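Peer 1: Sequence below, structure please.
(2 chains)
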Amino acid sequence: MPIYAPTLPPAPDLRHGHPPAVVLMRFDLTRLWRQKIGRFFGFAFLAMLLWKIARIYVDHLLNTNQAFKPMQDFAKTILTQGAAFQADLLNPASYLLWFLVALVGGGLVARDTLYRVRPLMYAHPVAPRDYLLAKLGFASALPFAILLPFAILPWLMSLLLAGLNGPVWATAPLRLLPAMALSSVLMGSLAVGASSMASTPRAGIGWVLGLVLGAGTLASMIHHLTGFRGIDALNPVLLAEAWPQLLVGVDHPLVAWVPALVGTAAHIGLWTFVAAKRTKPSEAVI
Amino acid sequence: MIAFENLEVRYPATPVSALKGLSLRLERGIVGLLGPNGSGKSTLLKALLGLLTPSRGSGTVLGVPLGGAEAARLRARIGYMPEYDALIEDASAYEQVAFWGELSGLAPEAARDRAHEVLYFVGLDEARYRPVSGYSTGMRQRVKLAQALVHSPELIFLDEPTNGLDPDGRRRMLDLVLRVHAELGTGVILASHLLGDVERVADQLVILDQGQIKAAGSMAGLRKALARRVELRFLDPLDAAQEAALAELGAVLEARNGLYDLELTEADPTATFRWAQAQGATLVQVTPRHDRLDEVLLRALHPGPAADGGN
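Peer 2: Residues are numbered from 1 along each chain as shown, chains lettered A, B, ... in the order given. You can find the predicted model right below:
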């Protein structure tokens, strides 16, 4: 027989809590932390980041030490410089990042559907827009947070080593941060929309990967059948890659400005709409 | 605590109203909500939680108008324990009760402290640190009750709280429900199909069927109003004509050695004396039969004499 407390004291004031969207995002972060899938991705992203920084340091050495002149001539043939180099700071992480977004984002809404906690959330002072905002915010903040060191650390390293004449432009973050934001929201909205259509986290991962790869394949097929280049903006992977290039002033070989704008807006709009429809209270039968 | 007038709720996709003009006033206490599947219990709970806007009529819950802009604020004053397993399987009871507390408006630190208190109150001691995926059904039900209580609601809705529990688990859960009302002063709406549970804890009863209230009131009053079963004892056995005339009073359920079990047409036992006087029979004893709650429920759902088949 358990020993019960004599009674339950009244709860503290309910007016000092955080907004529901913040509470939901923090809880999702706790869940992600517990899943331990960050180890592999953490190692992979860290290795990429170190490689980027090392390249800048090597570049600095080649430029400042005449003993390395032959090496410098050789390096110039293999190392990209200028605008393309700025955009390339973000690109190598692209596929790995999509995979991480699929693994984490695929379960964001689907896990709540599986455990049937969404109706209970709506029985609390949580509006459907709070829920959607929290999920979109978390799914977009994750890739943004991973990309952030790729944009900032090489830039800092370049400034420290070579000042304004370094390989990374002094204004690079001003161009890369908006590109990162667009790509991250694109990834986040697609992941949340796909996850809302799944009833289990695994199915959610499948939905995200299926939509990303399926849209790319479809765009490629239509492009090759009709010769219409603009259709490549259907491919979310290309869109995420295109924004850093477009914003630093490099033409993307497949996606131009207007298709990139239309494609990104269409993806974000469509998947946000799907997620909103699938998570509204009428779907959440008590 | 709750009052509504001519309340009608209609789902957009269906032509039929899920709730048809309900009018009711419930005082603070433990209210049993009874009715068969599809009777409108869940719809009523959703409307009271502010998740459904009434298509007609009006009402208030804890003084807040139904379907108004203040519905979200109202939900901070209500606790809800769903029928189904709405538990976050990969989190411990402590983590998720703290999470629900924060969602209700508690500051993070206050929610964590409160989670310990409320889990202790429902009898989950050291087990509160384990993931709920390893919990028994009884423990899972108590976690659900804890999340409904974490923010000290003025009113809680319990949907089938004893589902899947063994007799001891049921008793402990019902004890907790009684303590919630007695010690915390929280109003309780208990929806259940287990009549024994409602009978044990509720002081008011609402019987719903096909979106309509079939009966409502205090348990004692309702029993009294619906108690039409009586046993009549006559000094001498009735003759055949008198036995046939008994049908004027109601349905004769059983006759044995001068004792007659009757289902009266009207809930007025004094009519039996007037009938005996008119028939020239000597009625020496009228014994009201105390109806069980299932008989009350069946009679409310299927009005008419001998609806329960004379059980």
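Peer 1: lowest-confidence helix or strand of chain A?
Peer 2: Every helix and strand in chain A was compared by mean pLDDT, DSSP states H and E; the lowest is helix A:69-78, with a mean of 63.
Peer 1: Name the next helix or strand downstream of that one, please.
Peer 2: Once helix A:69-78 ends, the next helix or strand along the chain (criterion: DSSP states H and E) is helix A:82-88.
Peer 1: for that following helix, which positions count as buried?
Peer 2: Going by neighbour count (16 or more other CB atoms under 10 Å in any protein chain shown), the buried part of helix A:82-88 is A:83, A:85-88. Where C-beta positions appear, they are placed from N, C-alpha and C, glycine not excepted.
Peer 1: Tell me the helices and strands packed up against it.
Peer 2: helix A:172-196, helix A:236-248 (3 or more CB pairs under 8 Å, 6 or more residues apart in numbering or on different chains; DSSP states H and E).
Peer 1: who touches residue 25 in this structure?
Peer 2: By default, I'm working from chain A. By CB atoms under 8 Å, 6 or more residues apart in numbering or on different chains, residue A:25 lies in contact with A:134, A:137-138, A:141.
Peer 1: That was the other one, I meant chain B.
Peer 2: Contacts of residue B:25 by CB under 8 Å, 6+ apart are B:2-3.
Peer 1: hmm, try it at 10 Å
Peer 2: B:1-5, B:59-60, B:216 (CB atoms under 10 Å, 6 or more residues apart in numbering or on different chains).
Peer 1: any idea which of the residues you listed has the most stuff around it?
Peer 2: Counting neighbours by other CB atoms under 10 Å in any protein chain shown, residue B:4 leads the contacts of residue B:25 with 23 neighbours.
Peer 1: ok, the buried residues of helix A:82-88 vs residue A:245, which is closest?
Peer 2: residue A:87 (4.3 Å; CB to CB).
Peer 1: Need the pLDDT of the closest one.
Peer 2: At residue A:87, the predicted lDDT confidence score is 73.
Peer 1: Run through the strands of chain B in chain order.
Peer 2: B:2-10, B:17-26, B:30-34, B:56-61, B:64-65, B:78-81, B:155-159, B:187-191, B:204-209, B:212-218, B:229-234, B:250-256, B:259-264, B:283-288 (DSSP state E).
Peer 1: circling back: rank the helices and strands packed on helix A:82-88 by pLDDT, which is bottom?
Peer 2: With a mean of 88, helix A:236-248 has the lowest mean pLDDT of the helices and strands packed on helix A:82-88.
Peer 1: Quick one: distance of that one to the chain centre.
Peer 2: Relative to its chain's centre, helix A:236-248 lies at 13 Å (CA atoms, centre = their mean, to the nearest Å).
Peer 1: Let me know the angle separating that helix from helix A:172-196.
Peer 2: Counting by axes from the mean of the first three to the mean of the last three CA atoms, to 10 degrees, helix A:236-248 lies at 160 degrees to helix A:172-196.
Peer 1: Could you report the neighbour count for the closest residue to residue A:218 other than its chain neighbours?
Peer 2: In this structure, residue A:218 finds its nearest non-sequential neighbour in residue A:234, 6.4 Å apart by CB to CB, 6 or more residues apart in numbering or on different chains. Neighbour count for residue A:234, taken as other CB under 10 Å: 23.
Peer 1: Which residues are in contact with residue A:234?
Peer 2: A:214-220, A:222-223, A:255, A:259, A:262-263, A:266-267.
Peer 1: pLDDT at the spatially most central residue of chain A, what is it?
Peer 2: Among the residues of chain A, the one closest to the centroid is residue A:143, at 2.7 Å (CA atoms, centre = their mean). On pLDDT, residue A:143 comes in at 91.
Peer 1: That one: what's its closest spatial neighbour, skipping adjacent residues?
Peer 2: Once flanking residues are discounted, residue A:143 sits nearest to residue A:184: 4.4 Å by CB to CB, 6+ apart.
Peer 1: where does the chain have low pLDDT?
Peer 2: Going with chain A. Counting by pLDDT under 70, chain A shows low-confidence ranges at A:1-6, A:38-39, A:68, A:71-81, A:91-93, A:282-286.
Peer 1: The intended chain is chain B.
Peer 2: Chain B contains residues with pLDDT under 70 at B:223-227, B:290-301, B:303-311.
Peer 1: rerun that using 50 as the cut-off
Peer 2: Scanning chain B for pLDDT under 50 picks out the ranges B:305-311.
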